[in-house]
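J.: heads up, no residue letters with this:
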């Protein structure tokens with residue numbers, strides 16, 4: 001039973017370490033187009 005738990009813990013640690021390394025080294029490509037969000041005028045009026 002302890003070997004099964006140890007195996008599961010090792011797998012979780014390896015997956016977490018791989019995720020951290022991936023996120024730390026991943027070069028996200030820059031946005032290619034400008035994003036413009038239009039806010040409705042009635043949200044900006046003071047009441």
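T.: Arrived safely. Not measured: the values here are computed from a predicted model.

J.: where does the chain have low pLDDT?
T.: Counting by pLDDT under 70, the chain contains low-confidence ranges at 42-47.

J.: let's see that with 90 instead.
T.: Within the chain, the segments meeting pLDDT under 90 span 1, 28-47.

J.: middle-most residue in it, spatially?
T.: Central residue of the chain (C-alpha atoms, centre = their mean): residue 23, 8.2 Å from the mean position.

J.: what's the offset of whichever strand or helix holds it from the middle of its chain?
T.: According to DSSP states H and E, residue 23 maps onto helix 2-25. How far helix 2-25 lies from its chain's middle: 17 Å, per C-alpha atoms, centre = their mean, to the nearest Å.

J.: can you give the distance of stretch 19-35 from its chain's centre?
T.: 10 Å.

J.: repeat that for stretch 27-42.
T.: For stretch 27-42, the distance to the chain centre is 19 Å (C-alpha atoms, centre = their mean).

J.: and it, what's buried?
T.: Within stretch 27-42, no residue counts as buried by 16 or more other C-beta atoms under 10 Å. (Each C-beta comes from the backbone N, C-alpha and C, glycine too.)

J.: give me the contacts around it.
T.: Counting contacts by C-beta atoms under 8 Å, 6 or more residues apart in numbering, no residue outside stretch 27-42 touches it.

J.: now name the helix or strand holding residue 38.
T.: Residue 38 belongs to no helix or strand, assigned by DSSP H and E.

J.: if you count neighbours, what's buried in stretch 6-23?
T.: The neighbour-count check on stretch 6-23 (16+ other C-beta under 10 Å) flags nothing as buried.

J.: which residues are in contact with it?
T.: Outside stretch 6-23, not a single residue reaches it (C-beta under 8 Å, 6+ apart).

J.: before we move on, the earlier item: how near is the residue nearest to the centre of the chain to residue 12?
T.: Using C-beta to C-beta, to the nearest Å, one gets 17 Å for the distance from residue 23 to residue 12.

J.: I appreciate the help and will end here.
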